[in-house]
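1. All I have is the shape, not the residue letters:
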Ligand code: SAH
Ligand code: DHB
Ligand code: MG
């Protein structure tokens, strides 16, 4: 067995064993595939981790940048509860349509608002504050999205960034955005952060988690 097979099998074992409630959202992944959307959603156990971050933070209002087929959105919607709100930004109308249909089928559409358009155009119309922000769109704009996340949160809020390793050594806008976002997470006095490499069904990648600092 090569390393990739071992990571995949172990990830599937971990998901089955520890995050069995992921099964309830498998239909969202299937609808995403059926709709021809790319297979780049967070993995099931990463989705559960996002849900747990939101629960641990006591998040009621969540902002997501990058909806795709609504898979991570559904985990966040589960976390905020029936009275909560997830605002999710997506540039592709088709992705938003697939996501909206899946979230309705899952009974989670009452707490999700999808805003279609390039996030840098829709963000100025979004009203905060949010308790948790999940950044998972085009990596080139991650520094801008981080700045917006700071505008739309208060001290104590959590910011999670997906795919911080994927493009880390790449030339070009996605590599630049990835590295600049990591530098900002490490040096901006308003943020208290770390970044973790991950390996699993999506190969080698990583995510960053930050707390928006208060006055202490
Ligand atoms: N969060 C999703 C995966 C998102 S994939 C999940 O884990 O289930 C990245 C998404 O970001 C894609 O749907 C892509 O269309 C969208 N995207 C890319 N550039 C964008 C932009 N400028 N503004 C908003 N969304 C964008
Ligand atoms: C890609 C984007 C993602 O958000 C992700 O989680 C994996 C891959 C991509 O653009 O290839
Ligand atoms: Mg991602």
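-> All right, it came through fine. Because the structure is predicted, anything quoted here is derived from the model rather than measured. Ligands and ions are numbered 1, 2, ... in the order given.
2. Spell out which residues of this structure are next to ligand 2.
-> 40, 136, 162, 163 (CB under 6 Å from any ligand atom). Using the backbone N, CA and C atoms, a C-beta is placed for each residue, glycine as well.
3. hmm, try it at 8 Å
-> On the criterion CB under 8 Å from any ligand atom, ligand 2 has as its neighbours in the chain the residues 38, 40-42, 66, 68, 136-139, 162-163, 166, 174, 202, 205.
4. are any of those buried, and which?
-> 41-42, 66, 68, 136-139, 162-163, 166, 174, 202, 205 (16 or more other CB atoms under 10 Å).
5. now, which of those residues lie close to ligand 3?
-> Contacts with ligand 3 within these, as defined by CB under 5 Å from the ion: 136, 162, 163.
6. Of the residues you listed, which belong to strands?
-> Using DSSP state E, the members of those that fall in strands are residue 162.
7. With distance to residue 87 added, can I get the ones next to ligand 3 among the buried ones among the residues of the chain next to ligand 2 in TSV?
-> As requested, those are arranged in TSV below (distance: CB to CB, whole Å):
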residue	distance to residue 87
136	14
162	17
163	20
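8. Need the ones next to ligand 3 among the buried ones among the residues of the chain next to ligand 2 in CSV (columns: pLDDT).
-> Listed next are those as CSV, based on pLDDT from 0 to 100:
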residue, pLDDT
136, 98
162, 98
163, 98
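9. Return the closest of the ones next to ligand 3 among the buried ones among the residues of the chain next to ligand 2 with respect to ligand 1.
-> Proximity of those to ligand 1, judged by CB to the nearest ligand atom, is greatest for residue 136, which lies at 3.8 Å.
10. follow-up on the earlier one: sort out for me which of the residues of the chain next to ligand 2 are in strands.
-> Using DSSP E, the residues of the chain next to ligand 2 in strands are 162, 205.
11. Just the closest of the residues of the chain next to ligand 2 to residue 30, please.
-> When the residues of the chain next to ligand 2 are compared for distance to residue 30 (CB to CB), residue 41 comes out closest, at 11.4 Å.
12. So the closest one is in contact with residue 66, correct?
-> No: assessed by CB atoms under 8 Å, residue 41 is found out of contact with residue 66, at 9.8 Å.
13. centroid residue for this structure?
-> Nearest to the mean C-alpha position of the chain, counting by CA atoms, centre = their mean, stands residue 134 at 4.2 Å.
14. Mind telling me what element that residue is part of?
-> When elements are defined using DSSP states H and E, residue 134 is found to belong to strand 130-135.
15. By proximity to ligand 2, which residue of this protein wins?
-> Of the chain, the residue with the smallest distance to ligand 2, taken as CB to the nearest ligand atom, is residue 40 at 3.8 Å.
16. how close does that residue get to ligand 3?
-> 6 Å (CB to the ion, to the nearest Å).
17. would you list every one of the helices in this structure?
-> If DSSP state H is used as the criterion, the helices of the chain fall at 3-18, 26-34, 44-56, 71-80, 93-105, 119-122, 142-151, 173-187.
18. Could you check how far the nearest residue to residue 32 once chain neighbours are set aside is from residue 79?
-> Distances taken as CB to CB, 6 or more residues apart in numbering put residue 69 closest to residue 32, at 3.2 Å, once the chain neighbours are dropped. Counting by CB to CB, to the nearest Å, the gap from residue 69 to residue 79 is 18 Å.
19. quick one: which of the two has more around it?
-> When neighbours are counted by other CB atoms under 10 Å, residue 69 comes out ahead of the other of residue 69 and residue 79, with 31 against 23.
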